[in-house]
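In: sequence first, then the predicted structure, then my questions.
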Amino acid sequence: MLIATSKIKKRVDDGVIYQKFYYLCLRVMRGAIFVSIATPSLNNIRRMSMSTVISIKQKSEIFVGRVEDGLKRYAQNRRVVVITDANIDRLYHDIVAKYEHIIIGHGEGIKNLITVQKIYAQLMEIGADRSTLLVGIGGGIVTDITGFVATTFMRGLDFGFVATSLLAQVDASVGGKNGVNILNYKNMVGTFAQPSFVITDVTFLRTLPPRELHAGMGEVVKMAIIGDEELFKFIEENLSTASYTNKDIMQRIVLDSVRLKADIVDRDECEKGVRRVLNLGHTIAHAIEKCTHKLNHGEAVAVGLSKISHVANSMGILAEEDMLRIDNLLMKIGFSLDMPVPLGDVVREIRHDKKKSNNLIRIVLPERIGSCRIEEMPLGDIERNFECLK
């Protein structure tokens, strides 16, 4: 059954016109949703001098360009309160110091309701009100917390992000998911609410350590597997240690990833259908993160992508050639693909995943590079289907 399609469009980047063949096609067959996504319909993309603006639901804009231009566009003549961490304040104090600001800790351990309550108290202390604009400047943890605070304080403040990590630029800050962890379970409390804007400046990436760059690339590879074989091939052919300081290469990687995610979110903001495909690799990744703190999120996602590719291959869904391409690219980036905890522990935690419903869990399985399916798997079948990972 055909549910949705999108037309092929052209796009213009830096004066170069080229064609990508994106389409969205969903069909339901034997309880599974099959998803092929190629280049987004580009009605929601506007090109300006030196920057690109991508809109989501006509209420959120992703501004890819100079941070100074972005802040001038969105924060001028408003009372702004910045939420950031000490690391970002140290590196970019000249930006943070222009505004009232709240400094929080860093690391997954502070992404909880205790931190949220402290921010509420500071906002009350400085007299923030419903006209205040909250701006989270930082990586995914800062943007997740800022979005959650903004959507709950005084029943909702306007908010936006300046994404400084690769992971935040291509994934965490885009799409309107805001949340914090409960008892080490990822994003168990949260909201769906779009930021008014996300400012993405790839020059921020120059101050990231290699491990954080690799973490972001885990999410980029995920997006390529979901719906952009050209991006996957581009990374295979162009990525090296020097690539991370090459503005043209990183701009291409960030733009292609963001455009695809924005198009998916524009179609399914609250994860009722096609947006679920963005969970590729994350069912295993979140289970790993619950079991150990040795891996950051991107590293756990890389393991999850590899392992779910092996599961899809063992089920006869993914060709061995594509499975090996996925593993080889992840290893080229620098990821270890070994399961860091016993498989039994991972399976146990998957049974608590927030995506489960009526003893079923939705698993995203790659069919090929550029196409995935969403399949409802009985919880009792997980261990059998994951047997190939032992």
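Out: Structure received.

In: name the spans of the protein whose pLDDT lies under the cut-off.
Out: Residues of the chain meeting the criterion pLDDT under 70: 1-50.

In: right, and residue 116 touches residue 146 too?
Out: No - Residue 116 lies out of contact with residue 146 (Cβ atoms under 8 Å); the separation is 10.0 Å. All C-beta spots, glycine's among them, are computed from the backbone N, C-alpha and C.

In: when these two are compared, which one has more neighbours?
Out: A count of neighbours by other Cβ atoms under 10 Å puts residue 146 above the other of residue 116 and residue 146, at 29 against 19.

In: which element is the more buried one on?
Out: Residue 146 is located in helix 140-152, with elements delineated by DSSP states H and E.

In: go on, residue 189?
Out: Using DSSP H and E, residue 189 maps to strand 185-192.

In: strands paired with that strand, and their directions?
Out: When pairs are called by DSSP bridges, strand 185-192 turns out to pair with strand 177-182 (antiparallel).

In: how about the partner strand: buried residues?
Out: Using 16 or more other Cβ atoms under 10 Å as the test for burial, strand 177-182 gives 177, 178, 179, 180, 181.

In: with stretch 89-96 instead?
Out: Neighbour-count burial for stretch 89-96, counted by 16+ other Cβ under 10 Å, picks out 89, 92, 95, 96.

In: widest-spaced pair of these?
Out: Farthest apart among the buried residues of stretch 89-96 by Cβ to Cβ are 89 and 95. That separation is 9.2 Å.

In: strand 177-182 and the lengthiest helix in the chain, what's the angle between them?
Out: Ranked by residue count under DSSP state H, the longest helix found in the chain is helix 247-267. Using axes from the mean of the first three to the mean of the last three Cα atoms, to 10 degrees, the inter-axis angle of helix 247-267 relative to strand 177-182 is 90 degrees.

In: now for helix 247-267, which elements pack on it?
Out: When contacts are defined as 3 or more Cβ pairs under 8 Å, 6 or more residues apart in numbering; DSSP states H and E, helix 247-267 packs onto strand 32-37, strand 51-56, strand 60-64, helix 210-227, helix 229-238.

In: skipping its backbone neighbours, what lies nearest residue 159 in space?
Out: residue 150 (3.5 Å; Cβ to Cβ, 6 or more residues apart in numbering).

In: re the thing from before, what residues sit buried inside the longest helix of the chain?
Out: Residues 249-267 are the ones in helix 247-267 that count as buried (16+ other Cβ under 10 Å).

In: tell me how many other residues crowd residue 311.
Out: For residue 311, the count of nearby residues is 23 (other Cβ under 10 Å).

In: ok, it touching residue 384?
Out: No - using Cβ under 8 Å, residue 311 makes no contact with residue 384, being 10.6 Å away.

In: re the thing from before, okay, the buried residues of stretch 89-96 in a markdown table with distance to residue 109 and secondary structure next?
Out: Below are the buried residues of stretch 89-96 laid out as a markdown table (distance: Cβ to Cβ, whole Å; DSSP: H, G, I helix; E, B strand; the rest coil):
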| residue | distance to residue 109 | secondary structure |
| --- | --- | --- |
| 89 | 19 | helix |
| 92 | 23 | coil |
| 95 | 25 | helix |
| 96 | 22 | helix |
